[in-house]
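In: Okay, here's the prediction I keep looking at, along with the sequence it came from:
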Amino acid sequence: MRRGGRRLRRARNFVFLKDVAALSCTAFGGPSAHLAMMFRLLVEKRRYLSAAELLELQALCALLPGPTSTQTVTVIGYRLGGPNLAYLTLLVWVLPATLLMTLAALTLSRLNPALVAALVQFVQPVAVGFVAFSAYRIGEKVIQTKTAVGLTVASAMLAYFFQLPWVLPVLLLAGGAVTTVRYRKHVIEPEKKPLQVEWANFLLWLGILVGAALLGHYTRWLPVRLFENFYRNGSLVFGGGQVLAPLLFAEFVEFKHYLTPPEFLSGLGMVQLVPGPNFSIAAYIGALAMRAQGSGTGGQVLGALVGTAGIFLPGTFLIFFVLRFWARLRQYRVVKASLEGINAVSAGLVCAATLLLYHPLPDRLLALPGHWHLGSITAVPLNPLLVGTTFLLLLWERVPAVVLVMVALAAGALAG
């Protein structure tokens, strides 16, 4: 019996990793589009978790520093198979984007951003269709009360008009606070387990942060210093790639001069055009930063590896730390009541993301010093007809999301 159960778990874990691999190769459009595709594949098709659970985990990740979509998919892996599956999930999720951004850094002199932009020109409207469909389905499943409707509409409007890094966590906390007043309506857990906080992952995060800083200071070895730079930024940034980019620009371009402004902005444009997490720009910057060492391709690949590890590990350690006591924390009626408001706000943020995706990220970036622009790299046409067609095809439920992305890429190749 045990052997059979183990075999079933391994088979399920393998299928889950295949699903994550499919997402990592087709999830264009940034965190909101990633959430939409996770909802369609992991919730509606595979039923690894419910819509409310996905929103709850996504909101929990949004309250912590680091890449939200990466943390969310990693946490789903953790829930299904523990730490080992979670780390494999993280690896599978970041690998395609990291490889593409490393390749972009290695072939920078031969790279033609206009051709790459032409290839993916129809992907962004398809991604908007994914997000619109996700907003529709999520609203259908988790918005059940007038309070939830009000919170969804209010949070969507505020997120759309106030695009600031602190707005998202404040809205989530405020939404939770609004519905905590209803805590008496929730049933008291008959056998509530005492809250216990395991500090191992927090201490691991802090130990690496301090240890890398000390080791880099005393050895002056560039790969260690790069790891520390990215690890520190990954530990402090809230709000995703739109907040991370100005920080990296200030540190690696203006202060340390590892890259020129056009090189950085070319990478920023490229990361919008590859599937997977936007934080994979760390691989690009790490590879270019190692050029000064004269260590050739091997050194640049090492730079990409330490950049990737540095940017993704802090958020992973922190979400593992919170997740270990979250299951017990949510037993309390006040926390249960707050989840209604948090989920409603999360649905509102997805609605806002549908509109915000009509404005490419670099145009909304927090006024990068020097006012550099990407020009044709981000000039992606957004065709309302493609958005509507994508939405209707997803509603029809006969066409897989992967097929829609592949068709959009093929159309871009033909048009380009």
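Out: Here it is on my side, so go on.
In: Figure out how far the longest helix seen in the chain is from the centre of its chain.
Out: The longest helix of the chain (DSSP state H) is helix 68-106. In terms of Cα atoms, centre = their mean, to the nearest Å, the centre of helix 68-106 is found 10 Å from the chain centre.
In: show me the contacts for the closest residue to S50 other than its chain neighbours.
Out: Leaving aside its sequence neighbours, S50 sits nearest to V43 (Cβ to Cβ, 6 or more residues apart in numbering; 6.7 Å). Backbone N, C-alpha and C define where each C-beta goes, glycine included. Contact partners of V43, counting by Cβ atoms under 8 Å, 6 or more residues apart in numbering, are 49-51, 54.
In: Switch those over to CSV; also include neighbour count and pLDDT.
Out: Shown next, in CSV, are those (neighbours: other Cβ atoms under 10 Å; pLDDT from 0 to 100):
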residue, neighbour count, pLDDT
L49, 18, 92
S50, 12, 90
A51, 19, 87
L54, 25, 91
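In: Of those residues, which belong to helices?
Out: 51, 54.
In: Which stretches in the stretch 151-300 of the chain count as strands?
Out: For the stretch 151-300 of the chain, no strands are identified by DSSP state E, counting those that start in this stretch.
In: before we move on, the earlier item: so how far is Q124 from the residue nearest to S50?
Out: As judged by Cβ to Cβ, to the nearest Å, V43 and Q124 stand 23 Å apart.
In: could you say what helices and strands the longest helix of the chain packs with?
Out: Judged by 3 or more Cβ pairs under 8 Å, 6 or more residues apart in numbering; DSSP states H and E, the packing partners of helix 68-106 are helix 2-26, helix 31-38, helix 51-62, helix 261-272, helix 281-289, helix 296-329.
In: What sits closest to the most centrally placed residue in the chain if chain neighbours are left out?
Out: Central residue of the chain (Cα atoms, centre = their mean): S69, 2.7 Å from the mean position. Excluding the flanking residues, the one nearest S69 by Cβ to Cβ, 6+ apart is H34, at 3.8 Å.
In: my guess is that neighbour meets T26, correct?
Out: No. Using Cβ atoms under 8 Å, H34 is not in contact with T26, being 10.2 Å away.
In: Looking at the two, which is more packed in?
Out: Neighbour count, other Cβ atoms under 10 Å: between H34 and T26, H34 has more, with 30 against 26.
In: which residue sits closest to L302, ignoring its sequence neighbours?
Out: The spatially closest residue to L302, leaving aside those adjacent along the chain, is P223, at 5.7 Å (Cβ to Cβ, 6+ apart).
In: What is the burial count for that neighbour?
Out: If we define neighbours as other Cβ under 10 Å, then P223 has 21 of them.
In: ok, now L414?
Out: A count of neighbours around L414, defined by other Cβ under 10 Å, yields 10.
In: and if you look at F279?
Out: F279 has 30 neighbours, counted by other Cβ under 10 Å.
In: Now do it against L247, distance only.
Out: In terms of Cβ to Cβ, F279 sits 12 Å off from L247.
In: Same question for L268.
Out: Between L268 and L247 the computed distance is 12 Å (Cβ to Cβ).
In: who's more crowded, those two?
Out: Set L268 next to L247 and count neighbours by other Cβ under 10 Å: L268 wins out with 25 against 14.
In: okay, the angle between the helix or strand where A337 lies and helix 31-38?
Out: Using DSSP states H and E, A337 falls within helix 333-356. Here the directions of helix 333-356 and helix 31-38 differ by 110 degrees (axes from the mean of the first three to the mean of the last three Cα atoms, to 10 degrees).
In: quick one: low-confidence parts of this structure?
Out: 1-5, 109-114, 116, 163-166, 183-193, 238-243, 293-294, 357-382, 416 (pLDDT under 70).
In: ok, now which ones touch the spatially closest residue to E228 that is not a sequence neighbour?
Out: Distance criterion Cβ to Cβ, 6+ apart; nearest residue to E228, sequence neighbours excluded, is A212 at 4.0 Å. For A212, the contacting residues are 224, 227-228, 231, 310, by Cβ under 8 Å, 6+ apart.
In: Now that we have those, can you turn them into a markdown table and tack on neighbour count and distance to T316?
Out: Compiled in a markdown table, the contacts of A212 are given as follows (neighbours: other Cβ atoms under 10 Å; distance: Cβ to Cβ, whole Å):
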| residue | neighbour count | distance to T316 |
| --- | --- | --- |
| V224 | 20 | 20 |
| F227 | 25 | 15 |
| E228 | 22 | 17 |
| Y231 | 25 | 11 |
| G310 | 25 | 12 |
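In: Looking at these, which one is closest to L386?
Out: L386 lies nearest to G310 out of those, by Cβ to Cβ, at 37.1 Å.
In: And that closest one, how far from A212?
Out: Distance from G310 to A212, by Cβ to Cβ: 8 Å.
In: anything in contact with each of these two?
Out: By Cβ under 8 Å, 6+ apart, G310 and A212 have these common neighbours: 227-228, 231.
In: Between those residues, which sits nearest L318?
Out: Using Cβ to Cβ, Y231 is the member of the shared contacts of G310 and A212 that lies nearest L318, at 11.8 Å.
In: Dump the contacts of A212 into CSV; add distance to Y87 as well.
Out: Below are the contacts of A212 laid out as CSV (distance: Cβ to Cβ, whole Å):
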residue, distance to Y87
V224, 22
F227, 18
E228, 21
Y231, 17
G310, 16
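In: right, and out of those, which lies closest to P261?
Out: For the contacts of A212, the residue nearest P261 by Cβ to Cβ is G310; the value is 22.3 Å.
In: Quick one: residues contacting that closest one.
Out: Here G310 is in contact with 212, 226-231, 233-234, 282, 286 (Cβ under 8 Å, 6+ apart).
In: run the last query once more with 6 Å
Out: Residues near G310 by Cβ atoms under 6 Å, 6 or more residues apart in numbering: 227, 230-231.
In: go on, R47?
Out: Per Cβ under 6 Å, 6+ apart, neighbours of R47: none.
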